[in-house]
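**Student:** need a structure here:
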Amino acid sequence: MSKLKIGLIQQTCTPDRAHNLATSVDGVRRAAGEGARLVLLQELHSTPYFCQTEDTTRFDLAEAVPGPTTDMLAELARELGVVIVASVFERRSAGIYHNTAVVLESDGQIAGRYRKMHIPDDPGYHEKFYFTPGDQGFVPIRTSVGTLGVLVCWDQWYPEAARLMAMRGAEMLLYPTAIGWDPRDDETEKQRQRDSWLTIQRAHAIANGLPVIVCNRTGFEASPAGSEGIQFWGSSFVAGPQGEVLAQASADVPEVLVAELDQGRIEVVRRVWPFFRDRRIDAYTDLTQRYGN
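**Tutor:** Numbers count the residues shown, from 1 in each chain. Take a look at the predicted model:
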């Protein structure tokens, strides 16, 4: 298969979980109606971004996989004949919770899951309090629409994660994301941050000769602690294997973005830019160190 339409569901989230899931479902239906065969949902799309504060009651939001959310989306995937990449706050056991991306095959089966490996801990992003780091490594997931290198949000800043997915056969990289501005930052700083976010992910496409698909949330979410909150910057996008932006959503409104990938370009680009051929694997052992001497 060479041509593939993909859909990205960029949405705002409210405290009403049922409403958020209904919005996700409606977006999947709209994308499928426009011909998408693969649909990516944003990070933690069924809830507000609860990691702005540390609150043990928020663990009540977690659920098993398979569980209610994946069961509902599996039925939707089966009905529409699409592959869905969903984001779930996974309860693995008491005291062990993951930020998990679940891939639902077009027949409704769970094709695989990826548990977020890089866990941030920054002002407004207290994810280390909630999420145990993934323990399954960087393993692509095979589906009827291709082999997916699924990563999550903070993973997007790490070239090692993208490289390992590509080395293991991923045919595209997908990032469900929740990132935005601190309203206290000035406009120049905001622009630098967003540009950096776009650039690093486009660079993953270039370095690995793969399309990159990024779905971010949008809208303002106040902090339960009464501090400034987060203005999520949307800007979901699809880049081709030379980093070219094929489609991009707006920064500040919900949007269903549909784009077409030409998967045949992977072979074409890698023949011209043979980065994998020229890697000096004999000289990279120091990459396993935390920092140089």
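**Student:** go through the protein and flag its longest helix.
**Tutor:** In terms of residue count, the longest helix belonging to the chain (DSSP state H) is helix 187-208.
**Student:** contacting residues around it?
**Tutor:** 156-157, 159, 162-163, 165-166, 173, 175, 179, 181, 185, 210-212, 214, 233, 235, 237, 239-243, 245, 251, 273, 275 (CB atoms under 8 Å, 6 or more residues apart in numbering). No exception for glycine: its C-beta is placed from N, CA and C like everyone else's.
**Student:** out of these, name the ones that lie in helices.
**Tutor:** Members of the contacts of helix 187-208 lying in helices (criterion: DSSP H): 159, 162-163, 165-166.
**Student:** just put those residues in a markdown table and tack on distance to Gly35.
**Tutor:** Below are the ones in helices among the contacts of helix 187-208 laid out as a markdown table (distance: CB to CB, whole Å):
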| residue | distance to Gly35 |
| --- | --- |
| Pro159 | 32 |
| Ala162 | 27 |
| Arg163 | 31 |
| Met165 | 26 |
| Ala166 | 27 |
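**Student:** show me which of the residues you listed are buried.
**Tutor:** Neighbour counting with 16 or more other CB atoms under 10 Å marks 162-163, 165-166 as buried within the ones in helices among the contacts of helix 187-208.
**Student:** buried residues in the longest helix of the chain?
**Tutor:** Quick answer for helix 187-208 (16+ other CB under 10 Å): 190, 193-194, 197-198, 201-202, 204-208.
**Student:** rewinding a little: looking at the contacts of helix 187-208, which are in strands?
**Tutor:** Counting by DSSP state E, the part of the contacts of helix 187-208 found in strands is 173, 175, 181, 212, 214, 233, 237, 239, 245.
**Student:** test my guess that the second one contacts Phe237.
**Tutor:** Meaning Tyr175. No: Tyr175 is beyond contact range of Phe237, at 10.1 Å (criterion: CB atoms under 8 Å).
**Student:** got any residues that touch both of these two?
**Tutor:** Common neighbours of Tyr175 and Phe237 (CB under 8 Å, 6+ apart) are Val214.
**Student:** neighbour count winner among these two?
**Tutor:** Tyr175 (28 against 22; other CB atoms under 10 Å).
**Student:** what's across from the more buried one in the sheet?
**Tutor:** Beta-bridge partners for Tyr175, by DSSP bridges, are Val214.
**Student:** rewinding a little: could you dump the buried residues of helix 187-208 to JSON lines with pLDDT and distance to Ala62?
**Tutor:** Below are the buried residues of helix 187-208 laid out as JSON lines (pLDDT from 0 to 100; distance: CB to CB, whole Å):
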{"residue": "Lys190", "pLDDT": "95", "distance to Ala62": "32"}
{"residue": "Gln193", "pLDDT": "96", "distance to Ala62": "29"}
{"residue": "Arg194", "pLDDT": "97", "distance to Ala62": "30"}
{"residue": "Trp197", "pLDDT": "98", "distance to Ala62": "27"}
{"residue": "Leu198", "pLDDT": "98", "distance to Ala62": "31"}
{"residue": "Gln201", "pLDDT": "98", "distance to Ala62": "28"}
{"residue": "Arg202", "pLDDT": "98", "distance to Ala62": "33"}
{"residue": "His204", "pLDDT": "98", "distance to Ala62": "29"}
{"residue": "Ala205", "pLDDT": "98", "distance to Ala62": "32"}
{"residue": "Ile206", "pLDDT": "98", "distance to Ala62": "36"}
{"residue": "Ala207", "pLDDT": "98", "distance to Ala62": "34"}
{"residue": "Asn208", "pLDDT": "98", "distance to Ala62": "32"}
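**Student:** residue nearest the centroid of the chain?
**Tutor:** The centre of the chain sits closest to Pro176, judged by CA atoms, centre = their mean, with a distance of 1.7 Å.
**Student:** that one touches Ser87, doesn't it?
**Tutor:** Yes: here Pro176 reaches Ser87: they are 4.6 Å apart, a contact under CB under 8 Å.
**Student:** got any residues that touch both of those two?
**Tutor:** Common contacts of Pro176 and Ser87, defined by CB under 8 Å, 6+ apart, comprise 41-43, 45, 101, 152.
**Student:** quick one: which of those residues is nearest His19?
**Tutor:** If you rank the shared contacts of Pro176 and Ser87 by distance to His19 using CB to CB, His45 comes first, at 11.5 Å.
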